[in-house]
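Participant: give me a model of this one.
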Amino acid sequence: MSTLGAYFRLARVGWVLVREGVVLALPSDDLPAPAQLLKALLKPFARSKAKRAQRSDRLAVAVERLGPSYVKMGQFLATRPDVVGADFADDLASLQDRMAFFPAVAAKANIEGSLGRSVSDLYREFGDPIAAASIAQVHPAMVDTPKGPRKVAVKVIRPGVRQRFQNDLEAMYLIADLQQRFVRSARRLRPVEVTRTLEQTTKIEMDLRLEAAALSELAENTKDDPGFRVPEVDWERTGRDVVTMEWIDGVKMSDIEGLKAAGHDLNKLADTLIQSFLRHTLRDGFFHADMHPGNLFVDAEGEIVAVDMGIAGRLGKKERRFLAEILYGFITRDYMRVAEVHFEAGYVPGHHDIASFAQAIRAIGEPIHGQPAETISMGKLLTLLFEVTELFDMETRPELVMLQKTMVVVEGVSRMLNPRFNMWKAADPVVGGWIRDNLGPKRIVTDLKDGVKAALKLAEAAPEIAAKTEKLHSELMYMSENGLRFDAQTAEAIGKAEARHTKWGRAALWVIALTLLYIAIRIS
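Facilitator: Below is the predicted model of the structure:
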C-alpha cells in the first residue's frame, strides 16, 4: 500500500509541475523524441501565461504549492547544482520559507509535550509567532534569570511535519529509483544516495536538540575568534520539538542601508565573514551550511551573529587537505599537483590519464591568471572544477558540493557588502596559515602521531580480528563443500515479497492511467 501511495503522490507532483509551467520551461533540445511529444501533449494543461509566474519563479511556486516537505527538498537541491543543473539551482536558491503560521496553541502543546512542563512555568511571557518555515516557527518570549528578565527566541517544530515528510519521502525515493534505473547519465550522480542524504539531513534538522548541539559546538570552536559568534542556547528549555536561544538584536546583512546607518564598516564585515567561514572549514572541519543574508545579523558591537543552524557541514582531514591543495595549486599554477591530489584522494578513477586531467585543470586555472584579483570568484572556480571532473567520471561528493555551494553564498554576501571584494587577499591569512601548518613539515609530525594512534588501535583489536577471520574461514570452507543454501523460511519470504511487488506495481500503473484519463475528461 505504501508503494501505491507513493505513485499517487508522484502523480500529484507531476500535475503541479505541469500546471505551474515547470515542464514547459524545460529545454526541448536535449530531450528524446518521446519526451518532446509528451511535453507537447501536456501543454494544454498548464495555466495560462497571465496566471503563471515568470520562468525563474515557476519551480519555486510549484514547490511551495506542494507543501513543507517539498520546500525543504527544494532548499536542499538548491545546494546541489550538480544534480538539478545550475539554472534550476539558481531558481530554487530564491525559495524562501514563507509558510503559514500554525496556531500558538499547537506550539505550546508541542513545547509542553517535549519538555514536560507548562509554558507558563518555562516562560515569563510567550508571544505570537514572528517567522514560519517549512519545519518550524519562531516565537519571542521572556524568561526569568538570576540577572533579571531576558528576551529569548523559541523555535518550535511544526505539528505533523515528521509524518508528512516520511510520506512524501516515498515518492522522492520512487523518482530517484526511476531516474537511476532509466537515465544512464544520472547514475554518476547517485540520485538514490542524494535522496538518502536529504532524508538524513532533514531528520537531523527535525530534532531541535541537534540544532542546539550544532550551535553549541560552533560557539565552542569560535569562542576566541574575532568578529563572529552564534546565539547562546538555553538548554533548560530545549528538547526534541523546541529550542530556546538568545534573542539577537541586530541588523540583517541583507539590509545594506541599515548597516551603513548603524555605522558598521562594510568592507571589514566582508573580510570577517569569509575568513570566519574558511577558519571553520579548514581549522575545525565544521561549518554553518546555510549562511544566506537572512541568517546573518550584525549586532551593536559589530560582530557577525549566525542563526538557524539546522544545516551544518563537516569535512574530514583528507577533504580539508584536498581543498587547501586545490586552492594552493591554482594560486601557484601547479596544475599537475592539483591533478595528483584528485587521484591520491580516489576522487577520479585510476584508469584515467593523469596528464590529460592536469590539462583539463589548466583550462580552468590559466584564464584566472592576469585578471584583477577582485574579479576572480573562488565559488566560480570550484564550480568549473566540478564540471571538469564530471568528464573524468568523478562521482558526486555530497560534502564537497555542500562546501562549494556554501562558499558561493558566503562569497556572494561578501561581494554584496563590498563590490570590490578581493576574495584571495581576504582569504590569504586563513588559507596561507593553514597550508603552512598542515602541508609543510608540521604535516609530517601530525601524520606520524595519527599513524601511531592507528597502529595502537589496530594492536588492541588484533585478537578480535583474528577470531572473526577464523570464523569467516570456517564458514567459507563449509560453503565450498556444501554450497550456499537458503532455509525454507527465507526462500518463502523472498517469493512472497516478489509476488507482492509485482501485483502492486501493476495495480499502481492502472490507477495512475485511470486517474489521468479522468482528469483529461474533466478538463476537456
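
Participant: hang on, R237 in a strand?
Facilitator: Yes - under DSSP: H, G, I helix; E, B strand; the rest coil, R237 sits within a strand.

Participant: list the residues that contact it.
Facilitator: 115, 122-123, 143, 152, 154, 244 (CB atoms under 8 Å, 6 or more residues apart in numbering). All C-beta atoms are positioned from the backbone trio N, CA, C, and that covers glycine.

Participant: helices of the stretch 101-250 of the chain, residue ranges please.
Facilitator: With DSSP state H, counting those that start in this stretch, the ranges of helices along the stretch 101-250 of the chain come out as 104-115, 119-122, 161-182, 191-205, 208-221.

Participant: can you say which of the ones you listed is nearest to A363?
Facilitator: In terms of CB to CB, the element of the helices of the stretch 101-250 of the chain nearest to A363 is helix 191-205, at 27.8 Å.

Participant: could I have the closest one exported to PDB, CA atoms only?
Facilitator: The C-alpha coordinates for helix 191-205 follow below in PDB (Å, rounded to 0.1, in the frame of the first residue of the first chain):
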ATOM      1  CA  PRO A 191      20.100  10.100  -7.100                       C
ATOM      2  CA  VAL A 192      19.100   7.400  -4.500                       C
ATOM      3  CA  GLU A 193      22.100   8.300  -2.400                       C
ATOM      4  CA  VAL A 194      21.200  12.000  -2.800                       C
ATOM      5  CA  THR A 195      17.700  11.300  -1.500                       C
ATOM      6  CA  ARG A 196      19.100   9.300   1.400                       C
ATOM      7  CA  THR A 197      21.300  12.300   2.200                       C
ATOM      8  CA  LEU A 198      18.200  14.500   2.100                       C
ATOM      9  CA  GLU A 199      16.400  12.100   4.400                       C
ATOM     10  CA  GLN A 200      19.300  12.100   6.900                       C
ATOM     11  CA  THR A 201      19.800  15.900   7.000                       C
ATOM     12  CA  THR A 202      16.100  16.600   7.300                       C
ATOM     13  CA  LYS A 203      15.700  14.100  10.100                       C
ATOM     14  CA  ILE A 204      18.600  15.800  11.900                       C
ATOM     15  CA  GLU A 205      17.000  19.200  11.300                       C
END
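
Participant: and the angle for that helix with helix 161-182?
Facilitator: Here helix 191-205 points in a direction 170 degrees away from that of helix 161-182 (axes from the mean of the first three to the mean of the last three CA atoms, to 10 degrees).

Participant: now do helix 191-205, average pLDDT.
Facilitator: When pLDDT is averaged over helix 191-205, the result is 78.

Participant: mind listing what's buried in that helix?
Facilitator: Of all the residues in helix 191-205, those buried under the rule 16 or more other CB atoms under 10 Å are 191-192, 194-198, 201-202, 204-205.

Participant: burial count for the closest residue to T238 other than its chain neighbours?
Facilitator: Once flanking residues are discounted, T238 sits nearest to A212: 4.9 Å by CB to CB, 6 or more residues apart in numbering. The number of residues packed near A212 is 22, by other CB atoms under 10 Å.

Participant: state the distance from A212 to A133.
Facilitator: 16 Å (CB to CB, to the nearest Å).

Participant: all strands for the protein, in order.
Facilitator: 125-126, 131-132, 136-145, 148-157, 228-229, 233-239, 242-246, 251-252, 286-288, 296-298, 304-306, 312-314 (DSSP state E).

Participant: quick one: closest of those to W15.
Facilitator: strand 131-132 (25.9 Å).

Participant: just to revisit the earlier point, what sits against the residue nearest to T238?
Facilitator: By CB under 8 Å, 6+ apart, the neighbours of A212 are 233, 235, 238, 243, 245.

Participant: if you set the cut-off to 6 Å instead, what comes out?
Facilitator: By CB atoms under 6 Å, 6 or more residues apart in numbering, the residues touching A212 are 233, 238, 243.

Participant: specify the beta-bridge partners of the last one.
Facilitator: Counting by DSSP bridges, V243 forms beta bridges with K155.

Participant: help me confirm that it comes into contact with K155.
Facilitator: Yes - contact criterion CB atoms under 6 Å: V243 and K155 qualify, at 4.9 Å.

Participant: quick one: which of these two has more around it?
Facilitator: Neighbour totals were compared for V243 and K155, and V243 leads with 30 against 24 (other CB under 10 Å).

Participant: tell me the spacing between that one and M407.
Facilitator: Taking CB to CB, one finds V243 at 27 Å from M407.

Participant: could you check how many residues crowd around K457?
Facilitator: For K457, the neighbour count with other CB under 10 Å is 10.

Participant: can you check W247 too?
Facilitator: Around W247 there are 14 residues (other CB under 10 Å).

Participant: can we start the residue count at 28 from this point?
Facilitator: Sure, I'll start counting at 28 from here, so that last one is W274.

Participant: list the contacts of it.
Facilitator: 178-180.

Participant: let's see if you can find the most crowded of those.
Facilitator: Counting by other CB under 10 Å, top hit in the contacts of W274: V179 with 22 neighbours.

Participant: just checking, that residue touches T271?
Facilitator: Yes - distance between V179 and T271: 5.2 Å, which falls inside the contact criterion (CB under 6 Å).
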